[in-house]
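Peer 1: Give me a 3D structure for the following:
(2 chains)
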Amino acid sequence: MEPSVHLCAAVALVGRYPVLAGADLDVSPGEVVMVRGANGSGKTSLLRVLAGLVPVVSGQAAVLGLDPVADARELRPQLGLLGHRNGLYEELSALENARFSLRSAGLAKDAAPRALERLGVTGRLAQVPAGRLSAGQRRRVALACLLARAPRLWLLDEPHAALDAEHRDMLDAVLGEQAARGATVVFASHEERPAPLGARTVAMSAGMVVEAGALVGLGAGTASVA
Amino acid sequence: MWRDALVVAAKDLLIERRSRVAMNQVVPYALVVLLLFGFAFDQQRPLLEQASPGLFWMAVLFAGLLAVQRSFSVETSDGAMDNLRLSGLQPAGIFLGKAAAVAVQLIALEALLTLGVVVLFHTELAGAGLLVASALASTACVAAAGVAYGALSMGLRARETLLPLLLAPVLAPVVLAGTQAWRCALGLSSGDGWRWLGVLGAFAAIYLAGGVLGFGALMEEA
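Peer 2: Predicted coordinates:
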């Protein structure tokens, strides 16, 4: 089966600084991969390379079988990226943000309420401008915007940040559901928290994938660090 | 592309309706600029009347800078620009949508400023067709060039101060042509105002075409 993510000796630069310095990684469809690493180890850059926002200058990169930069127009609508920031419009409500996310992807806006509800953004909360929500609530709204679009590849940078224990578990369950429907999830974390059930952990240091961890529980794909 | 433009324009205008930044800050700012011009030329009433088209377009230019900055600050304040890039929206559609939203705000502003010119400078409105046509063409120029340069400056650290520096020279011909067209329309000059309208139309076409073709690259660089 063609991997969802394939990096081989990938080097990426921001300015003249190598943010990826020969990274190797393969992720299978339906797999959840947790990327660990200290601050500055290259986790965020890895996600941005996979999203095609930072080009690979040497080595190979393929995402969903496509070149992240050359095939950006075809690839990007299939991706869902959540960065450190939430990417929300403060003046718009949670529901309006989710609807815009759907409209901009050319999808019907019907999925917005369901996605918000799945992340626990219900009732009056869905009508409140995003700028007035707490950090955790905003995080959940941003995740709901991705969930509504049902991307094939989720790229999440510290998605659990600002979430309480209940909603961390909720997010893990959502990611598990997405993997079960065949989507691939790659998420970065610098926290020493246990990986979600079924997730594989890999470690990054100095812009390289340095360690392939074990699967947690059963049911994950059979991907490996190249 | 047109559907994408509509989606983006609707979003930007909804944000403006909620935040009322243009209504509560940009419009008062532009009116204050007009008022200050009025104070500066108060002792020379004929000169003020002669200069009123130029003062009007300078006020529109200053206000347009604020509108453009606001249009991009909503994208950068919480990192929404990455979502726009990954959304599948065509860059040309994003450009046209943002330019249309800025243009709608500027047209509303110009209507109020026109009233201000009449009240403060005692300018008599005439040549309505040329006035409206040149206002629309100038607005298209300001919005198109403003959004293109807004994207260009988005990734820069000192974007708030760089945007006016970059944009003002580009819009100088528009202010000149808009002023001349209005002077002709108001009977303050004997020139052919429709020729100046042609100049404005040419600049609008150039800025819009440049934005449609180049906005994708500008977004990627930001």
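Peer 1: what element comes up after the helix-or-strand element of chain B with minimal mean pLDDT heading to the C-terminus?
Peer 2: The helix or strand of chain B with the poorest confidence is helix B:21; it has a mean of 81 (mean pLDDT, DSSP states H and E). For helix B:21, the following helix or strand on the C-terminal side (DSSP states H and E) is helix B:27-40.
Peer 1: Render the CA-only coordinates of that next one in CSV, please.
Peer 2: Provided in CSV are the C-alpha atoms of helix B:27-40 (Å, rounded to 0.1, in the frame of the first residue of the first chain):
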residue,chain,number,x,y,z
VAL,B,27,-14.5,56.6,8.5
PRO,B,28,-13.9,59.0,11.4
TYR,B,29,-10.2,59.0,10.5
ALA,B,30,-11.0,60.0,6.9
LEU,B,31,-13.4,62.7,8.0
VAL,B,32,-10.8,64.1,10.5
VAL,B,33,-8.3,64.2,7.6
LEU,B,34,-10.8,66.2,5.6
LEU,B,35,-11.5,68.5,8.5
LEU,B,36,-7.8,69.2,9.0
PHE,B,37,-7.4,70.1,5.4
GLY,B,38,-10.3,72.4,5.9
PHE,B,39,-8.6,74.1,8.8
ALA,B,40,-5.3,74.3,7.0
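Peer 1: Downstream of it, the next helix or strand is which one?
Peer 2: Counting by DSSP H and E, what follows helix B:27-40 is helix B:45-76.
Peer 1: That next one and chain A, are they touching?
Peer 2: Yes - Helix B:45-76 is in contact with chain A by Cβ under 8 Å from any Cβ of the partner chain, via B:V74. The C-beta positions use only the backbone N, C-alpha and C, and glycine is treated the same way.
Peer 1: What lies in contact with the host helix or strand of A:P18?
Peer 2: If you go by DSSP H and E, A:P18 is part of strand A:17-27. Strand A:17-27 is contacted by residues A:3-13, A:33, A:42, A:45-46, A:49, A:54, A:56, A:59, A:184, A:186, A:202, A:204, A:206-209, A:221, A:223-226 when judged by Cβ atoms under 8 Å, 6 or more residues apart in numbering or on different chains.
Peer 1: Tell me the buried residues within the residues you listed.
Peer 2: Among these, those classed as buried by 16 or more other Cβ atoms under 10 Å in any protein chain shown are A:3-7, A:9-13, A:33, A:42, A:45-46, A:49, A:54, A:56, A:59, A:184, A:186, A:202, A:204, A:207-209, A:221, A:223, A:225.
Peer 1: Which of these fall within strands?
Peer 2: Mapping these onto strands (DSSP state E) picks out A:5-7, A:9-13, A:33, A:56, A:59, A:184, A:186, A:202, A:204, A:208-209.
Peer 1: Pick out the residue nearest the middle of chain A.
Peer 2: Closest to where the C-alpha atoms of chain A average out (Cα atoms, centre = their mean) is A:L155, at 1.9 Å.
Peer 1: how far away is it from chain B?
Peer 2: Separation of A:L155 from chain B (Cβ to the nearest Cβ, to the nearest Å) stands at 9 Å.
Peer 1: before we move on, what SS does that residue have?
Peer 2: strand (DSSP: H, G, I helix; E, B strand; the rest coil).
Peer 1: Touching, it and A:G52? I think so.
Peer 2: No - A:L155 lies out of contact with A:G52 (Cβ atoms under 8 Å); the separation is 10.3 Å.
Peer 1: which residues are in contact with both of these two?
Peer 2: Shared contacts of A:L155 and A:G52, defined by Cβ under 8 Å, 6+ apart, comprise A:L79.
Peer 1: Contact residues of chain B facing chain A?
Peer 2: B:3-4, B:7-8, B:11, B:14-15, B:18-19, B:74, B:77-80, B:82-89.
Peer 1: make it 10 Å
Peer 2: Residues of chain B lying close to chain A by Cβ under 10 Å from any Cβ of the partner chain are B:3-4, B:6-8, B:10-12, B:14-21, B:74-91, B:93-94, B:216, B:220.
Peer 1: Which of these fall in strands?
Peer 2: Short answer: the residues of chain B next to chain A have none in strands (DSSP E).
Peer 1: Tell me the residue in chain A that is farthest from the middle.
Peer 2: A:R124 (27.4 Å).
Peer 1: Tell me, what's the model's pLDDT at B:A168?
Peer 2: Residue-level confidence at B:A168 comes out at 88, pLDDT.
Peer 1: I should have written A:T222 there, sorry.
Peer 2: With respect to pLDDT, A:T222 has a value of 37.
Peer 1: do B:V117 as well
Peer 2: 81.
Peer 1: still on that earlier bit, in this structure the residue nearest to the centre of chain A contacts A:V186, no?
Peer 2: Yes - checked against Cβ atoms under 10 Å, the pair A:L155 and A:V186 is within contact range at 5.6 Å.
Peer 1: any shared contact partners between the two?
Peer 2: Counting by Cβ atoms under 10 Å, 6 or more residues apart in numbering or on different chains, the contacts common to A:L155 and A:V186 are A:5, A:46-47, A:50, A:63.
Peer 1: which ones are touching residue 126?
Peer 2: Went with chain A since none was named. A:A126 neighbours (Cβ under 10 Å, 6+ apart): A:93-98, A:112-113, A:116-117, A:141, A:144.
Peer 1: hmm, I had chain B in mind actually
Peer 2: B:185-188 are the contacts of B:A126 under Cβ under 10 Å, 6+ apart.
Peer 1: ok, the residues you listed vs chain A, which is closest?
Peer 2: Of all the contacts of B:A126, chain A sits closest to B:A185, with 37.5 Å by Cβ to the nearest Cβ.
Peer 1: Give me the phi and psi for A:G65.
Peer 2: Backbone torsions of A:G65, given as degrees, to the nearest 10, read phi 80, psi 10.
Peer 1: count of residues packed around it?
Peer 2: Neighbour count for A:G65, taken as other Cβ atoms under 10 Å in any protein chain shown: 12.
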